[in-house]
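> Sequence first, then the predicted structure, then my questions.
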Amino acid sequence: MGTFGTGLPPGAHGLVGYEVLDPGSGRVFNELSWKDGPDPRAWQPAPTVFERAEVAGVAVTMIGPGYFDGSGLTTAALRGARFRAGRQLAERVDQTLAALQATERADQPSRALVYLYWGELDKVGHVHGCDSWQWGDELESLDRELAGLARRLPRETSLYVTADHGMVDVPFEHRLDVAHEPDLDAGVRLVGGEPRAVQLYCETGAVADVLAAWRARLGDDAWVVPREEAESTGWFGAVSPTVRPRIGDVIAAMRGSVAVVDSRIHRPEVLSLLGVHGSLTADEVQIPLLMHRA
C-alpha cells in the first residue's frame, strides 16, 4: 500500500514489511494496525500521489471503511484525499458516482480522482483460501458491482481495477513455528515481516549463523538472503539510509508451499489464516490492471 499510495519503492517510502522494526523504539510494530507505531508522517514523509494530485488541481476522494479515516497506514500512505465512509460495496459505488458527479456539476469543473477500496475479497481469501468457493462467490459479487459502476460512469471517465498483492493457500501442516524450532530461533532477537516473507533482526554477531540455519532448514522452499543481498538485487528498490535499519538482517522469502510463523507474537487470528502472501512468487506479485473508459 505504501508503494501504491506514493509511487515510490519500499526502500524510499519506508513501509518495508507487515511487521517491522522501529529503530527509534527498538520494537517491532504492525504497519497495518499501526498500534504503538511512530508518527506516520515522520515515518513516511514523502508526498503521496493524492497530495500531489490535489496540488495539481485534481479533486481527490477516498472511499473505504470508516476506521480507515485517519489511521496510521492511511496517513502514511494515502493521505491527502477527502474521505467518505461506506460499509457495503454498493454504498461505496454510489459514493464514487456522487463524488464524480459533484465535480461534473461544479461551476468550474475540475479533474477528479476517486479511490474506491474494497477488502472483502482479500479477507475471504485469507480465511477460506483463494481456491475456495467462498472466494469465487465474493469475486462474482465484486464483479457485478464493478460492472454496474462501469455502466454508470460519467462520460470521459476512466475506471482502473487492480490490487495490492496476490495470494496463495498454504496448508497448516506446511507451516513452521519459530517458537518450536530451536534451530530457527537461535540468534534471532526479533521476528518481523509476515509468514511468506519473514524478516529476522539478529543478535549482534549472529547474522551468519542465522543465515546458515534458515538456509539449511528451508532449503529450496525459500530464498534466504542477508539484507545487503536483498538491497543489491533490488527487492526494496533503492534504499535510503533512513530506511535501511528497518529491514531485517536476514530475509526469508518463501517460494514453495510453506510459511513461517511465530506463535509467541502472532495473534491466533493470524495463525488461523489459510490464504497468505508477501513473497516473490508469480501468484503473489503478478497483479492485473484492468481499464475501462466510459
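Received it, and whenever you're ready, just let me know what you need.

> quick one: low-confidence parts of the stretch 151-294 of the chain?
By pLDDT under 70, the stretch 151-294 of the chain has no low-scoring segment.

> Spell out, range by range, the helices that occur in it.
Using DSSP state H, counting those that start in this stretch, the helices of the stretch 151-294 of the chain run over 182-185, 207-218, 227-232, 268-271, 282-285.

> next one: the stretch 1-150 of the chain
Under DSSP H, counting those that start in this stretch, the stretch 1-150 of the chain gives helices at 2-6, 10-13, 40-43, 49-55, 72-77, 89-105, 120-128, 133-152.

> Output the ones you listed in TSV, with mean neighbour count and distance to Gly219 appended to each entry.
Using the backbone N, CA and C atoms, a C-beta is placed for each residue, glycine as well. Shown next, in TSV, are those (neighbours: other CB atoms under 10 Å; distance: least, CB to CB, whole Å):
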stretch	mean neighbour count	distance to Gly219
helix 2-6	21	30
helix 10-13	22	27
helix 40-43	16	36
helix 49-55	17	40
helix 72-77	22	34
helix 89-105	17	43
helix 120-128	18	27
helix 133-152	14	30
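
> Where among the ones you listed is average confidence lowest?
For the helices of the stretch 1-150 of the chain, mean pLDDT drops lowest on helix 89-105, to a mean of 90.

> for that one, packing partners?
With contacts taken as 3 or more CB pairs under 8 Å, 6 or more residues apart in numbering; DSSP states H and E, helix 89-105 sits against strand 59-64, strand 112-116, helix 133-152.

> what angle do that helix and strand 112-116 make?
Calculated by axes from the mean of the first three to the mean of the last three CA atoms, to 10 degrees, helix 89-105 forms an angle of 170 degrees with strand 112-116.

> What lies in contact with helix 89-105?
With contacts defined as CB atoms under 8 Å, 6 or more residues apart in numbering, helix 89-105 is touched by 59, 61, 63-64, 84, 86, 109-112, 114, 116-118, 120, 141-142, 145-146, 148-149, 152-154, 157.

> before we move on, what about stretch 150-168?
Contacts of stretch 150-168 with the rest of the structure, by CB under 8 Å, 6+ apart, involve 1, 4, 97, 100-101, 104, 122, 125-126, 130, 146, 149, 196, 257, 275-278, 281, 283-294.

> Just the C-alphas of stretch 23-43, formatted as PDB.
Extracted in PDB, the C-alpha atoms of stretch 23-43 (Å, rounded to 0.1, in the frame of the first residue of the first chain):
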ATOM      1  CA  PRO A  23      14.800   1.600  15.200                       C
ATOM      2  CA  GLY A  24      13.800   4.600  17.400                       C
ATOM      3  CA  SER A  25      11.900   2.400  19.900                       C
ATOM      4  CA  GLY A  26      13.700  -0.900  19.300                       C
ATOM      5  CA  ARG A  27      10.200  -2.600  18.900                       C
ATOM      6  CA  VAL A  28       8.500  -4.300  16.100                       C
ATOM      7  CA  PHE A  29       5.200  -2.800  15.200                       C
ATOM      8  CA  ASN A  30       2.400  -3.800  12.700                       C
ATOM      9  CA  GLU A  31       2.100  -1.300   9.800                       C
ATOM     10  CA  LEU A  32      -1.500  -2.400   9.200                       C
ATOM     11  CA  SER A  33      -2.900  -1.700  12.600                       C
ATOM     12  CA  TRP A  34      -0.200   0.900  13.500                       C
ATOM     13  CA  LYS A  35      -0.700   0.000  17.200                       C
ATOM     14  CA  ASP A  36       2.100   1.700  19.200                       C
ATOM     15  CA  GLY A  37       3.700   2.800  16.000                       C
ATOM     16  CA  PRO A  38       5.600   6.100  15.300                       C
ATOM     17  CA  ASP A  39       4.200   9.300  13.900                       C
ATOM     18  CA  PRO A  40       3.100   8.100  10.400                       C
ATOM     19  CA  ARG A  41       4.000  11.500   8.800                       C
ATOM     20  CA  ALA A  42       7.500  11.300  10.200                       C
ATOM     21  CA  TRP A  43       7.800   7.600   9.300                       C
END
